[in-house]
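Engineer: task: produce atomic coordinates for the following.
(chains A and B)
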Amino acid sequence: MAEIALTGEELAMQAGEMGWPLSWAINHQLQVGRMFDAPDLVAVSQAHMMADPEAVGEAGAQFMEDLARYGARVRVPTITDPRGVDLASYHPLGQTEEMAGLERRIIAACTGMGILMTNTCVNYQTIMPPVMGEHVAYGDTGVVIYSNSVCGARSNFEGGPSALAASLTGRTPRYGLHLDENRRATRRFVVAEQPRELTDWGVLGAVVGERAGSYWQVPVIEGLEMVPNSDQLKHLGAAMASYGSTPLFHLVGITPEARRLSDVGGDRLEPETVSAGMMNALRSRFGATGEKVDVVVFAAPQLSIVEMQQVAALCRGRTMAVSLIVCTSPQVYPDAVRHGFVNTIEASGGMVLQGTCFYNQFAREIGEANGWKRLLSNSAKIVNILGGYGYEPALASMEQCVASAVAGEIR
Amino acid sequence: MITLACHTGIGPKAEGYALVARDNFSARYDLDRRRGIFSRPGHVLAGRSYRDKILVMNTVKGGVATAWMLYAMKRSGVCPRAFLFNTANAIMAQGAALADLALCDRFAGGDITELVRDGDHLVVDPARGLVRVTNRS
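Structural biologist: Numbers count the residues shown, from 1 in each chain, chains lettered A, B, ... in the order given. Modelled structure (predicted):
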């Protein structure tokens, strides 16, 4: 196995000459780089770090506090994924002071290192979308797959520790999606049923992701009769990454690296049909029409201003029989207030949270605290996650979700 | 003893008993990390304890949370001793590196979930890219 080539500065970091935080960071990156045969490190322009308190835990919080105390400072703009506790609104969810305290410690450590607490998983819609060919170190699988696929940027899935390491060194190991050869298509899918609603795009992503089935597979999809918008691509990618750990897809004639099927080598692959039957089979795993619902959730990914408008329009003049929770970003939230969307949703009995996402808000604990079992969402991603947290998740369109929240049973 | 060769992995040598499933893994999606069991109802290992086991599975799925979660699991002591996959992903490698947990993948002999049986005693040597099955020959 060839050793990773390092510059003089990188060698100094590795030797500890630039302090413990940089020594930890680059040695962490070298371990990962060796496993995937990285030839060297590549400079990154941005990092995006996931650090919600349920995932980070006491041990991770202590680790970040240690880094901050030893003088760690980010070298490239670094932003954060959604938080686990909306500090302005955690009592209504049944979250505890202990959870909020852990959240405050993580925020303090992050800000101490110069990290921008943007708290969003839709930074490609709201902060600074990466551009074609830009090497970045992004966390949140939905962010990575959108940035790679739709923007043409280059990122591996960077978990919290590795995104943090990249933010400190300004580099990341050059493996996986940073290399041209790993961006070629390996599976070719042909769509037989055209997606219509956001949920359909999520279902398509789920089916393709599940069939691709590995981080190292790259699906190319053909047969779409429309150019999807950013929210549709958001749900497609988030679900594909969730069900398949897939970091990149191509849409023929739509995404920038696949103007033609042959651009990504898809013409040499056997076509596989994504049939209506496959789509329905996925839906049927999360079907529960007629059953009582405990909580309706719009999240994963956080809602855009357009989705906020759509939810508000469906809520206007209605009264929710059960909890309805909407998660959006701190960037979209003030705009949604300004347009009256937050007021409309709250007037109907719904709750709008900013800077969080339901599944990383101590989902098991808030489910137990509120007696939530049957959860309904239009996100194919979130219904995939929450079964392991003790929920019985069900999937429906945005319209059906709101109607079900009003009725108290799944419509 | 059977020796299985794989790609160079991450983490220290480890030994223990195998918990094998032809299924995929995510710390967030699949585990009750308080109780140390697989909690996702549809998972092949639903209800089984992973504590101190060597998990042998197909690949890794889902999100980035596993990276932080492995570190917290290792510190809590309610954790597998090592992970073997046909193919790991970036997140698993990052989490193993932070947590100092043994991780290996890409086995030369084929499907690791078939090469290893549930309950086998294994010695995992990530630096050398070797896994030994000590109870069979």
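Engineer: show me the helices in chain B, by range?
Structural biologist: B:27-30, B:65-76, B:90-99, B:112-115 (DSSP state H).
Engineer: all strands of chain B, in order?
Structural biologist: Ranges of strands in chain B, per DSSP state E, are B:2-5, B:14-20, B:31-32, B:37-38, B:54-59, B:82-87, B:102-104, B:121-125, B:130-133.
Engineer: okay, buried residues for the second one please.
Structural biologist: Of the residues in strand B:14-20, B:Ala14, B:Gly16, B:Ala18, B:Leu19, B:Val20 count as buried by neighbour count, 16 or more other CB atoms under 10 Å in any protein chain shown. In short, each C-beta sits where N, CA and C put it, glycine included.
Engineer: burial count for B:Ala5?
Structural biologist: If you count neighbours by other CB atoms under 10 Å in any protein chain shown, B:Ala5 ends up with 13.
Engineer: quick one: contacts for it?
Structural biologist: By CB atoms under 8 Å, 6 or more residues apart in numbering or on different chains, the contact list for B:Ala5 reads B:Phe107, B:Ala108, B:Gly109, B:Gly129, B:Leu130.
Engineer: can you pull the contacts of the last one?
Structural biologist: Contact partners of B:Leu130, counting by CB under 8 Å, 6+ apart, are B:Thr3, B:Leu4, B:Ala5, B:Cys6.
Engineer: correct me, but the first one touches B:Val131?
Structural biologist: Yes - in this structure, B:Thr3 sits in contact with B:Val131. The criterion is CB atoms under 8 Å, and the distance is 7.5 Å.
Engineer: which residue packs closest to B:Arg51, ignoring adjacent ones?
Structural biologist: Nearest residue to B:Arg51 in three dimensions, chain neighbours excluded: B:Gly36, at 4.2 Å (CB to CB, 6 or more residues apart in numbering or on different chains).
Engineer: what residues does that neighbour make contact with?
Structural biologist: B:Ser49, B:Tyr50, B:Arg51, B:Val78, B:Cys79.
Engineer: of the contacts of B:Ala5, buried ones?
Structural biologist: Applying 16+ other CB under 10 Å to the contacts of B:Ala5 flags B:Phe107, B:Gly129, B:Leu130 as buried.
Engineer: with distance to A:Tyr391 added, can I get the residues you listed in a markdown table?
Structural biologist: Shown next, in a markdown table, are the buried ones among the contacts of B:Ala5 (distance: CB to CB, whole Å):
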| residue | distance to A:Tyr391 |
| --- | --- |
| B:Phe107 | 35 |
| B:Gly129 | 40 |
| B:Leu130 | 41 |
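Engineer: ok, the residues you listed vs chain A, which is closest?
Structural biologist: B:Gly129 (8.9 Å; CB to the nearest CB).
Engineer: now the closest one: how far from A:Ala5?
Structural biologist: 21 Å (CB to CB, to the nearest Å).
Engineer: again with A:Phe157
Structural biologist: Distance, A:Phe157 to A:Ala5, by CB to CB: 24 Å.
Engineer: who's more crowded, those two?
Structural biologist: Using other CB under 10 Å as the criterion, A:Phe157 and A:Ala5 rank with A:Phe157 on top: 35 against 11.
Engineer: return the helix or strand in chain B with minimum mean pLDDT.
Structural biologist: Here the helix or strand of chain B ranked lowest by mean pLDDT, DSSP states H and E is helix B:27-30, holding a mean of 92.
Engineer: how about A:Val296, phi and psi?
Structural biologist: When quoted as degrees, to the nearest 10, the phi and psi of A:Val296 stand at phi -110, psi 130.
Engineer: A:Met49 too?
Structural biologist: Dihedral angles (degrees, to the nearest 10) for A:Met49: phi -110, psi 130.
Engineer: now for the closest residue to it other than its chain neighbours, how many residues are close by?
Structural biologist: Distances taken as CB to CB, 6+ apart place A:Ala163 nearest to A:Met49, at 4.0 Å, with adjacent residues excluded. Number of residues near A:Ala163 (other CB under 10 Å) recorded here: 33.
Engineer: would you confirm that A:Ala163 belongs to a helix?
Structural biologist: Yes - read with DSSP: H, G, I helix; E, B strand; the rest coil, A:Ala163 is one of the residues of a helix.
Engineer: doesn't A:Ala137 make contact with it?
Structural biologist: Yes - using CB under 8 Å, A:Ala163 is in contact with A:Ala137, at 5.3 Å.
Engineer: between these two, what contacts are shared?
Structural biologist: Shared contacts of A:Ala163 and A:Ala137 (CB under 8 Å, 6+ apart): A:Ala47, A:His48.
Engineer: so which residues on the stretch 1-150 of chain A come close to chain B?
Structural biologist: A:1, A:28, A:31-32, A:34-36, A:50-52, A:55-60, A:63, A:81, A:139-141 (CB under 8 Å from any CB of the partner chain).
Engineer: now the residues you listed: which count as buried?
Structural biologist: A:28, A:31-32, A:34-36, A:50-52, A:55-57, A:59-60, A:63, A:81, A:139-141.
Engineer: so which of those residues sit within helices?
Structural biologist: Checked against DSSP H, those include these in helices: A:His28, A:Gln31, A:Val32, A:Arg34, A:Met35, A:Ala55, A:Val56, A:Gly57, A:Ala59, A:Gly60, A:Phe63, A:Thr141.
Engineer: A:Pro256 contacts A:Pro130, doesn't it?
Structural biologist: No - counting by CB under 8 Å, A:Pro256 stays clear of A:Pro130, with 11.8 Å between them.
Engineer: which residues do the two both contact?
Structural biologist: Residues touching both A:Pro256 and A:Pro130 (CB under 8 Å, 6+ apart): A:Cys151.
Engineer: tell me which of these two has more neighbours.
Structural biologist: Taking other CB under 10 Å, A:Pro256 and A:Pro130 do not tie; A:Pro130 has more neighbours (25 against 16).
Engineer: for the more buried one, phi and psi?
Structural biologist: The phi/psi pair for A:Pro130 (degrees, to the nearest 10) reads phi -70, psi 160.
Engineer: surely it touches A:Val144?
Structural biologist: No - using CB under 8 Å, A:Pro130 is not in contact with A:Val144, being 10.2 Å away.
Engineer: joint contacts of these two?
Structural biologist: A:Tyr138, A:Ser155.
Engineer: just name the most buried of the helices of chain B.
Structural biologist: Stretch with highest mean neighbour count among these: helix B:90-99 (a mean of 29; mean count of other CB atoms under 10 Å in any protein chain shown).
Engineer: roughly how far is it from the heart of the chain?
Structural biologist: 12 Å (CA atoms, centre = their mean, to the nearest Å).
Engineer: quick check, central residue of the chain?
Structural biologist: Picked chain A for this. A:Gly142 (3.3 Å; CA atoms, centre = their mean).
Engineer: chain B is the one I meant
Structural biologist: Geometric middle of chain B (CA atoms, centre = their mean) lands on B:Phe83, at 1.8 Å.
Engineer: quick one: contacts for that one?
Structural biologist: B:Phe25, B:Ile54, B:Leu55, B:Met57, B:Met92, B:Ala96, B:Leu101, B:Ala102, B:Leu103, B:Cys104.
Engineer: give me the subset of these that also touch chain A.
Structural biologist: B:Leu103.
Engineer: return the member of the contacts of B:Phe83 nearest to A:Glu365.
Structural biologist: Among those, B:Phe25 lies closest to A:Glu365 (CB to CB), at 22.8 Å.
Engineer: how about the closest one: what's its closest non-neighbour residue?
Structural biologist: Counting by CB to CB, 6+ apart, B:Met57 is the residue found nearest to B:Phe25 once chain neighbours are left out, at 4.9 Å.
Engineer: the one you found touches B:Phe85, doesn't it?
Structural biologist: Yes - assessed by CB under 8 Å, B:Met57 is found in contact with B:Phe85 at 5.8 Å.
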